[in-house]
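*Asks:* Predicted structure and sequence below. I'll ask about it afterward.
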Amino acid sequence: MRQLGMLFLGVGLLALTTPAHGDSTVASTFSPVPAVNGQKNTLQIRQLDFTGGATGQVVVEVRNQGQHPQTFEARGLYFVPNGDAQSAPQRVGAAGPFEVKDAQGWQRKDQLQIQPGQTVKLKLQTFCLDSHRGSPGKGQGYKVARDRLPKDLTGEIEVGAQRIIRAKGGYSKAPAATGDIQSHVWSSRNKKWIKLEGERANEKGSEGGGSSQRLIRRRPMPQQNVEE
């Protein structure tokens with residue numbers, strides 16, 4: 001699972017040549033972190049920034065409001081853009097490992113134990129979920145969805161991504177596969193559409209609705225980091 005998450009670090013976010021005009025106000029209030037396998041927690045999360053472009057880092061703060069340590073993991077989290085769903089850009093999902101800063105700099109983690117009263121700053125790598133919508137721009141405001149992505153969808157995305165990486169020559173060649181992986185994410189979504197939070201009234205995939213604009217694949221750009 002760790003290797004699979006790593007391969008998503010370079011997945012492109014851009015779907016269309018013209019970005020949609022969503023609400024670019026970054027969210028500032030904390031919301032509950034969705035449960036993992038039904039296990040509730042006392043963690044809360046809020047967005048600080050979004051890099052936009054091809055790297056797709058959602059920068060967040062996560063805090064523990066409870067009296068016991070809690071484990072945070074990003075797998076299955078997805079984010080809904082602020083504003084009217086009818087004109088909002090793509091929803092984005094977190095992909096595997098995230099980054100947390102310590103004395104040695106930014107470190108990749110699959111899980112992180114957060115102590116009572118502690119607040120940590122994290123960078124979450126993301127991939128786009130709606131091929132027919134416009135791409136989100138830098139600073140796009142998002143809120144975390146109340147639930148995580150369905151297990152069936154997450155599983156199909158992961159299995160297909162592993163297959164693509166093997167065909168490209170293994171994990172050392174992962175950057176060359178990022179475009180195919182993003183296309184696979186969109187294909188998995190469109191094949192059996194599952195309604196997610198922030199759905200449009202006539203979203204693509206539901207009863208054949210929505211727009212059918214042509215996708216234009218772009219060359220993955222070098223990873224960009226959000227500074228403190």
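*Replies:* Happy to help now that I have it.

*Asks:* just the helices in the chain please.
*Replies:* 2-7, 151-168, 174-191 (DSSP state H).

*Asks:* Okay, now the unreliable bits of the protein?
*Replies:* 1-27, 53-55, 96, 171-175, 205-228 (pLDDT under 70).

*Asks:* 50 instead?
*Replies:* 7-22, 54-55, 207-224, 226 (pLDDT under 50).

*Asks:* residue closest to the middle of it?
*Replies:* residue 93 (2.4 Å; CA atoms, centre = their mean).

*Asks:* For it, list each beta-bridge partner.
*Replies:* residue 78, residue 127 (DSSP bridges).

*Asks:* Roughly how far does it sit from residue 118?
*Replies:* 25 Å (CB to CB, to the nearest Å). The way it works is simple: take the backbone N, C-alpha and C, and place the C-beta from them, glycine included.

*Asks:* Also residue 145?
*Replies:* Per CB to CB, residue 145 is found 24 Å from residue 118.

*Asks:* neighbour count winner among those two?
*Replies:* Neighbour comparison, residue 145 and residue 118: the larger count goes to residue 145, with 19 against 12 (by other CB atoms under 10 Å).

*Asks:* Report the contact partners of the more buried one.
*Replies:* Taking CB atoms under 8 Å, 6 or more residues apart in numbering as the criterion, residue 145 is in contact with 34, 77-80, 91, 196-198.

*Asks:* Now it: closest residue in space, sequence neighbours ignored.
*Replies:* Counting by CB to CB, 6 or more residues apart in numbering, residue 145 lies nearest to residue 197, which is 4.3 Å off, once chain neighbours are set aside.
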